[in-house]
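A.B. asks: One predicted model, sequence on top.
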Amino acid sequence: MSTISTDPHHHADHGHHHPPAGLKRWFYTTNHKDIGTLYLLFALTMFFIGGAMAMVIRAELFQPGLQLVEPAFFNQMTTVHGLIMVFGAVMPAFTGLANWLIPMMIGAPDMALPRMNNWSFWILPFAFAILLMSLFMEGGGPGFGWTFYAPLSTKYSGDSTALFVFSVHIMGISSIMGAINVIVTIFNLRAPGMTWMKMPLFVWTWLITAFLLIAVMPVLAGTVTMVLTDKYFGTSFFDAAGGGDPVLFQHIFWFFGHPEVYIMILPAFGIVSSIVPTFSRKPLFGYASMVYATSSIALLSFLVWAHHMFTTGMPVFAELFFMYCTMLIAVPTGVKVFNWVATMWRGALTFEVPMMFAIAFIVLFTIGGLSGLMLAITPADFQYHDTYFVVAHFHYVLVTGAIFSIIAAAYYWLPKWTGHMYDETLGQWHFWCSLISVNVLFFPMHFVGLAGMPRRIPDYALQFADFNALISIGGFAFGLSQLLFVWLLVKCIKGGPAATSQVWEGAEGLEWQLSSPPPYHSFTTPPDVK
């Protein structure tokens with residue numbers, strides 16, 4: 001026993017007993033809060049890179065006949081803008097929120113698999129470096145749309161396709177590891193008394209999202225691999241001349257792609273279900289129905305993929321099946337909207353910035369849902385398909401849906417993350433500038449789409465000129481509005497009024513109350529152990 005030193009300074013020389021400092025801390029960290037922060041900052045960076053590409057798109061479309069950029073480069077911008085916003089901005093932002101919040105919401109010390117957590121983040125910058133570098137290759141980057149339909153991606157694309165495939169594989173590996181981590185954490189590390197039906201709804205939505213990710217990311221991996229072998233190794237999965245089928249590509253892609261769009265909205269439902277009760281000063285209406293609705297949406301998301309393919313010549317029976325299944329998804333989604341409104345009904349509402357973004361989410365996401373219902377109707381979809389109406393639809397659910405919810409979450413939890421209160425006035429400016437500009441940007445797209453303007457084109461007929469100028473002005477205004485958010489973030493991280501445990505004033509013990517029946521699990525009191 002005499003060999004064991006009791007001297008407190010004995011281990012001072014061994015570096016591994018001290019957390020690494022400086023850059024090393026961020027590279028080596030296994031702390032869920034650090035990794036959550038890395039994900040969020042990475043997502044913000046990608047949001048601006050993807051946004052810059054959208055600015056190129058809108059500058060080109062400001063007037064007909066402009067030709068600011070080459071048509072091929074325009075196509076590369078639409079492709080990489082989509083890929084970066086989906087895989088680089090929205091998904092990592094939600095994963096960052098999961099890392100920060102899930103352990104704290106379930107009373108866990110950290111994520112269950114901290115080393116894997118570190119790795120799942122640190123492969124992302126390399127994936128996107130590869131994707132962005134492909135733009136500088138001879139022949140340019142991928143220009144076949146973010147859906148990379150064969151034969152565009154197999155026969156008619158440059159060698160950047162190989163880099164695109166490799167980068168998508170790395171993103172997929174990251175997503176699967178993140179999802180495994182979420183599932184293992186929620187199953188194994190809940191505090192005593194934290195039963196399934198006492199978990200905050202954010203935790204529920206992420207648990208369901210994680211299962212979706214594990215189910216569909218391997219499908220995407222298979223798709224991109226088949227594209228790669230068709231292009232470079234002489235297979236004919238998608239080539240009719242070799243016995244393949246280009247429509248097969250669409251079936252496999254959308255079997256991934258439709259659950260993917262729910263992966264990008266379910267965590268948003270969890271965020272809004274945390275924020276609305278706080279600023280209504282009452283518990284969430286219909287907690288259990290929210291859990292069942294989320295599960296129903298996830299299950300139905302696997303039965304609707306071919307609604308992206310109504311114009312490919314499916315049998316009428318298949319068209320009817322996919323039409324009805326798609327319309328059915330509106331039911332659990334409607335339940336959620338009803339429950340949020342019922343939570344606010346006769347509540348003691350206040351309108352701080354997180355609540356404003358959450359309410360904007362509810363209204364505008366519903367508009368996106370209604371245009372989705374229009375697209376679900378097969379004969380109508382023949383008219384809407386591949387027009388700007390579709391662009392308007394999915395941007396309402398992804399920008400005013402997913403991204404507004406991420407911004408709402410950032411405002412809601414910033415005091416918790418930084419210890420400082422953000423500048424409320426600046427936040428209000430950011431909200432109103434974003435709200436107005438985002439509608440000037442996307443609402444007129446419904447009209448040009450219904451009037452027949454096709455999407456993914458670098459030029460258009462003169463009749464669409466006025467609306468496109470308006471849309472582009474909205475686009476630039478929305479992009480610039482996000483600089484207010486960065487300014488606010490910098491100010492908040494540097495300092496500002498100290499955040500107390502009672503951050504949201506007058507929330508009477510609900511200040512960090514999450515979305516399930518009180519009095520369980522608020523951030524300031526440990527879970528009720530029974």
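C.D. replies: Great, that's in hand. Numbers count the residues shown, from 1 in each chain.
A.B. asks: Tell me where the stretch 301-450 of the chain has helices.
C.D. replies: 316-344, 353-376, 378-384, 388-397, 404-418, 424-450 (DSSP state H, counting those that start in this stretch).
A.B. asks: any idea of the mean pLDDT in the fourth one?
C.D. replies: When pLDDT is averaged along helix 388-397, the result is 98.
A.B. asks: What are the contacting residues of that helix?
C.D. replies: 261, 265, 364-365, 367-369, 371-372, 374-375, 384, 441-443, 445-446, 448-450, 453-455 (C-beta atoms under 8 Å, 6 or more residues apart in numbering). For every residue, glycine as well, the C-beta is placed using N, CA and C.
A.B. asks: swap in stretch 61-80?
C.D. replies: Residues from elsewhere that reach stretch 61-80, judged by C-beta under 8 Å, 6+ apart: 50, 53, 56-57, 59-60, 131-132, 135, 140-146, 148, 456, 458-462, 464-465, 468-469, 471-472.
A.B. asks: Check which residues of the longest helix along the chain are buried.
C.D. replies: Looking across the chain with DSSP state H, the single longest helix is helix 201-232. The neighbour-count check on helix 201-232 (16 or more other C-beta atoms under 10 Å) flags 201-210, 212-213, 215-217, 219-221, 223-224, 226-228, 230-231 as buried.
A.B. asks: rewinding a little: now for the helices of the stretch 301-450 of the chain, which one comes closest to residue 493?
C.D. replies: Judged by C-beta to C-beta, the one of these that comes nearest to residue 493 is helix 404-418, at 5.4 Å.
A.B. asks: how big is the angle separating the longest helix of the chain from helix 404-418?
C.D. replies: Angle between the axes of helix 201-232 and helix 404-418 is 120 degrees (criterion: axes from the mean of the first three to the mean of the last three C-alpha atoms, to 10 degrees).
A.B. asks: Going toward the C-terminus from helix 201-232, what's the next helix or strand?
C.D. replies: helix 246-263 (DSSP states H and E).
A.B. asks: For that next one, list every residue counted as buried.
C.D. replies: Neighbour-count burial for helix 246-263 [16+ other C-beta under 10 Å]: 246-247, 249-263.
A.B. asks: swap in stretch 187-205?
C.D. replies: Going by neighbour count (16+ other C-beta under 10 Å), the buried part of stretch 187-205 is 189-191, 194, 198-205.
A.B. asks: Against residue 179, how distant is the residue lying closest to residue 48 once chain neighbours are set aside?
C.D. replies: Excluding the flanking residues, the one nearest residue 48 by C-beta to C-beta, 6 or more residues apart in numbering is residue 482, at 7.3 Å. Per C-beta to C-beta, to the nearest Å, residue 482 is found 28 Å from residue 179.
A.B. asks: Then residue 344?
C.D. replies: As judged by C-beta to C-beta, residue 344 and residue 179 stand 32 Å apart.
A.B. asks: And these two? Which one has more around it.
C.D. replies: residue 179 (24 against 18; other C-beta atoms under 10 Å).
A.B. asks: Give me the buried positions along the helix or strand hosting that one.
C.D. replies: Element membership of residue 179, judged by DSSP H and E, is helix 160-188. Buried residues in helix 160-188, counted by 16+ other C-beta under 10 Å: 160-183, 185-186.
A.B. asks: Provide a list of residues in contact with the residue nearest in space to the middle of the chain.
C.D. replies: Nearest to the geometric centre of the chain sits residue 90, at 2.8 Å (C-alpha atoms, centre = their mean). With contact taken as C-beta under 8 Å, 6+ apart, residue 90 is in contact with 43, 264, 398, 402-403, 406.
A.B. asks: Of the residues you listed, grab the buried ones for ChimeraX.
C.D. replies: Restricted to buried positions by 16+ other C-beta under 10 Å, the ChimeraX selection for the contacts of residue 90 reads:
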select :43,264,398,402,403,406
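A.B. asks: And the helix or strand of the chain with the lowest mean pLDDT, what does it pack against?
C.D. replies: When each helix and strand of the chain is scored by mean pLDDT, DSSP states H and E, helix 22-28 comes last, with a mean of 93. Other elements packing on helix 22-28 under the criterion 3 or more C-beta pairs under 8 Å, 6 or more residues apart in numbering; DSSP states H and E are helix 32-60.
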